[in-house]
Each structure stands twice: as C-alpha cells, then as structure tokens.
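Novice: got a sequence here, can you model it:
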Amino acid sequence: MGIVKISDQMHENLRVAGSALSRSINAQAEHWMRVGMLTEMHPELDYREICQLLIQAELAGGLDITMAASGQLGKSGASSVGEN
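Specialist: This is a model prediction of the structure:
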C-alpha cells in the first residue's frame, strides 16, 4: 500500500460521490481507478460492461491487471459481456 497525493478538489469529489453511493473515500477512489483502468484497456466497452467485468473479476478472486490486459477477464463463465 502506498500514499497517493490528489488535489483538494478531487478529494472533495470523492467525498461527495462516496457519501452518495455509501462508499468510503478510499473505496470510491479505488472504484474510479478500477473503472478507469478497464476503460483504458477496453475502450470498446460501455460502463455497464465494465461493471460486469468488475463483478467477474471479483468472483475470480479480484482484479488482476495481467488478466485484464491479456483479455482473460470475462472469458470464464460470463462470456455474455458485449453480447446483449
């Protein structure tokens, strides 16, 4: 674990969003980082599909950048991502 410096404005944004969504500031920041990471790796996916990948990753033991980058996320058990 490390320390990440963010602006006061971003901290306030995290506080507001976290409060609205019943998450801690740290949990909200981690959520936004996960969504952002997957969005950069899979720009063809929409937010709903990104959330499905996050759920699949959690069921598989957590989000691993190696699996996300190699396209292995979503291959096992939930190949419906993007097929709706």
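Novice: please count neighbours and contacts with C-alpha atoms only from this point.
Specialist: Will do.
Novice: and residue 34, which of the three is it?
Specialist: helix (DSSP: H, G, I helix; E, B strand; the rest coil).
Novice: check contacts around it.
Specialist: residue 54 (CA atoms under 8 Å, 6 or more residues apart in numbering).
Novice: separation between it and residue 64?
Specialist: Distance of residue 34 to residue 64, given as CA to CA, to the nearest Å: 10 Å.
Novice: which residues touch residue 23?
Specialist: Residue 23 neighbours (CA under 8 Å, 6+ apart): residue 17.
Novice: if you set the cut-off to 10 Å instead, what comes out?
Specialist: 14-17, 29, 31 (CA atoms under 10 Å, 6 or more residues apart in numbering).
Novice: got it, and residue 61?
Specialist: residue 55.
Novice: look up how far residue 21 lies from it.
Specialist: 23 Å.
Novice: same deal with residue 3?
Specialist: In terms of CA to CA, residue 3 sits 23 Å off from residue 21.
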